[in-house]
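> Would you be able to build a 3D model of this:
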Amino acid sequence: MSVGSRIRSARWRLIVPVLVAAASVGSAVILYVTQYRTDVQTDATAASSAVRAASEGTVALLTYKPDTVDADLASAKAHLTGEFLNYYGKFSDEILLPAAKDRAVATEASVVRAAEAEIHPDTAKVLVFVNQTTTSRDRPDASQSASSVMVSLAKVDGHWLISAFDPI
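Coordinates of the predicted model:
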């Protein structure tokens, strides 16, 4: 092998790894900017959407009337997902439904304030402050309570659904 071919061979051995490294870095940057930037996927609009879903879901979970309880509970379940949906289904069938029908328990909830505590592309946690008014046949005078709840959300088919509901 001549000296000139050795030099060309040495240059190529140096150039090829540099080109491969540059292509890899370029690909990584493009993927990061277009696919993996969570700050774009969790912008103010995403946070606002999560807060709205948590607020609406909280009101749906905590509001029902004896004469519309079946529809109220079905509406609440539409805001839920996963194990929490299973838990709420059982709880509402065994506790809420009989109480609403047998003792005329009615509750009305309103969200006083809500803010995101944590936001990711497919999950979020929202702190919700709730006022709730409860009446029943035994206690017709309204009983008011205030509480706070950490609402965990999961994005399912592009919609935020409640996956956990933890009183604080």
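> What ranges does the protein have for its helices?
With helices called from DSSP state H, the chain shows them at 3-31, 38-41, 44-62, 69-77, 82-91, 97-103.
> from memory Asp138 sits against Arg103, does it?
Yes: look at Asp138 against Arg103 with CB atoms under 8 Å: they come within range, at 6.3 Å. From N, CA and C alone the C-beta is placed, and that goes for glycine too.
> Please say which of these two ends up with more neighbours.
Arg103 (13 against 8; other CB atoms under 10 Å).
> quick one: Ala60 and Asp122, what's the gap?
As judged by CB to CB, to the nearest Å, Ala60 and Asp122 stand 22 Å apart.
> And those two? Which one has more around it.
Regarding Ala60 and Asp122, a neighbour count based on other CB under 10 Å identifies Ala60 as having more, with 20 against 12.
> nearest residue to the more buried one other than its sequence neighbours?
Leaving out its chain neighbours, the residue that sits closest to Ala60 by CB to CB, 6 or more residues apart in numbering is Ala76, at 4.3 Å.
> Pretty sure the one you found sits against Gly89.
No: at 9.8 Å, Ala76 and Gly89 do not qualify as touching, with contact defined as CB under 8 Å.
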